[in-house]
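**Student:** Sharing a model that was predicted from the sequence below.
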Amino acid sequence: MASIALGLAEAFKSPPGHNVSRGMFLILSYTANIFDKMIIAGAGSITARGLIEKGGGVEVLWSYWFLAFLPCSIITVLAGVLIVGYSYGYFAARDLMIMGAWLTIVEFLVLLVLVPVYWPLIGLQ
């Protein structure tokens, strides 16, 4: 991920040690580890899938895994942007409060739409 962060910093013409470079490196290295578990690509998620299928006798489809971790992915991206933005001075505390209020409204609307869709897909009874 360091090479991708360096390439992005170079594309933005950000000098080494600048807040843009630091923020990109931090958020890319943080989200890469989390997305590795959210998508069946890393060793941990592949092992977990194999254990679930062998031990539980349940087929784990990639689409089910993706749908289960989609909300986590969205929350991770939004939280990462807000944390890095606040840590390196791109957002003031007032801006974060306004964004937090909007995100609360958006989260409520998303849950209102997704819960009826997810309920039958994951088989909750």
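**Tutor:** Sure thing, it's come through.

**Student:** mind checking the SS state of residue 7?
**Tutor:** Following DSSP: H, G, I helix; E, B strand; the rest coil, residue 7 is assigned to helix.

**Student:** quick one: contacts for it?
**Tutor:** Counting by C-beta atoms under 8 Å, 6 or more residues apart in numbering, residue 7 makes contact with nothing. In this view, the C-beta of every residue, glycine as well, is placed from N, C-alpha and C.

**Student:** could you pull out the helices for this protein?
**Tutor:** Residue ranges of the helices in the chain, as given by DSSP state H, are 2-11, 19-38, 43-56, 62-87, 93-122.

**Student:** what's the most buried one of these?
**Tutor:** Compared across the helices of the chain, helix 19-38 shows the largest average neighbour count, a mean of 17 (mean count of other C-beta atoms under 10 Å).

**Student:** From the chain's centroid, how far away is it?
**Tutor:** Distance of helix 19-38 from its chain centroid, counting by C-alpha atoms, centre = their mean, to the nearest Å, is 10 Å.

**Student:** Only C-alpha atoms, please: export that helix in CSV.
**Tutor:** Provided in CSV are the C-alpha atoms of helix 19-38 (Å, rounded to 0.1, in the frame of the first residue of the first chain):
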residue,chain,number,x,y,z
ASN,A,19,-0.4,16.4,5.7
VAL,A,20,-1.9,15.1,2.4
SER,A,21,0.8,12.4,2.1
ARG,A,22,0.5,11.4,5.8
GLY,A,23,-3.3,11.2,5.6
MET,A,24,-3.3,9.1,2.4
PHE,A,25,-0.7,6.7,3.8
LEU,A,26,-2.6,6.3,7.1
ILE,A,27,-6.0,5.8,5.5
LEU,A,28,-4.7,3.4,2.8
SER,A,29,-2.8,1.2,5.3
TYR,A,30,-5.8,1.2,7.7
THR,A,31,-8.5,0.3,5.1
ALA,A,32,-6.3,-2.3,3.3
ASN,A,33,-6.3,-4.4,6.4
ILE,A,34,-10.0,-4.1,7.0
PHE,A,35,-11.0,-4.6,3.3
ASP,A,36,-8.8,-7.8,3.3
LYS,A,37,-11.3,-9.3,5.8
MET,A,38,-14.4,-7.8,4.1
